[in-house]
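Asker: One predicted model, sequence on top.
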Amino acid sequence: MANQMNKGKKRIMEYQIEDLVRIAVPKINRFSTDRPTLPCKIIKRIEDKYQVGSKFGIIEVTYFAGELESLETIVFSELDEIPSNEISVREAACLQSIRSVSRGLCNCKSECSNNKCHCKKMGEKNNSRCHSGCSCQNKNQI
């Protein structure tokens with residue numbers, strides 16, 4: 001039965017340096033809206049394990065080939081340059097999170113003229129998605 005469950009998932013048992021792979025991000029390290037995997041590139045092989053790097057840095061944990069899944073592409077521009085800093089899977093997952101990509105919305109009832117407004121405090125201009133029904137002194141001018 002176990003063989004039939006894994007029949008569709010064929011994993012490569014040996015990778016080369018520069019191969020593009022993805023690692024699973026444990027549920028405890030992400031929210032339900034975050035990506036379940038992290039795209040990475042093989043940096044080096046250490047005995048039977050692989051060290052991988054993401055666009056945010058080199059992952060500090062090494063992985064066996066069975067823990068990696070091929071990206072099935074040869075070009076992934078996000079991984080062309082990998083920073084040399086070491087980073088945990090949790091940090092990388094947080095950095096690639098949808099929450100960090102999409103900024104917060106302003107729900108002010110006033111004109112956004114002081115730092116009580118999240119957008120003004122962060123130095124960002126409000127856009128059409130921010131409380132469009134009220135007047136605002138911090139909106140992008142079109």
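Answerer: Received, thanks.
Asker: residue ranges of the strands in the chain, please?
Answerer: 20-24, 37-46, 49-54, 57-64, 68-70, 86-87 (DSSP state E).
Asker: Let me know which of those strands is the nearest to residue 115.
Answerer: For the strands of the chain, distance to residue 115 was read as Cβ to Cβ. The smallest value, 31.3 Å, belongs to strand 86-87. Quick note: C-beta positions are derived from backbone N, CA and C, even for glycine.
Asker: strands paired with the closest one, and their directions?
Answerer: When pairs are called by DSSP bridges, strand 86-87 turns out to pair with strand 57-64 (parallel).
Asker: Mind listing what's buried along the partner strand?
Answerer: Neighbour-count burial for strand 57-64, with 16 or more other Cβ atoms under 10 Å as criterion, is recorded at 57-59, 62-63.
Asker: How about residues contacting that strand?
Answerer: Residues from elsewhere that reach strand 57-64, judged by Cβ atoms under 8 Å, 6 or more residues apart in numbering: 23, 38, 40, 43, 46, 48-53, 82-89, 91-92.
Asker: ok, of those residues, which come out buried?
Answerer: The neighbour-count test (16+ other Cβ under 10 Å) marks 23, 38, 40, 43, 50-53, 82, 87, 89, 91-92 as buried among these.
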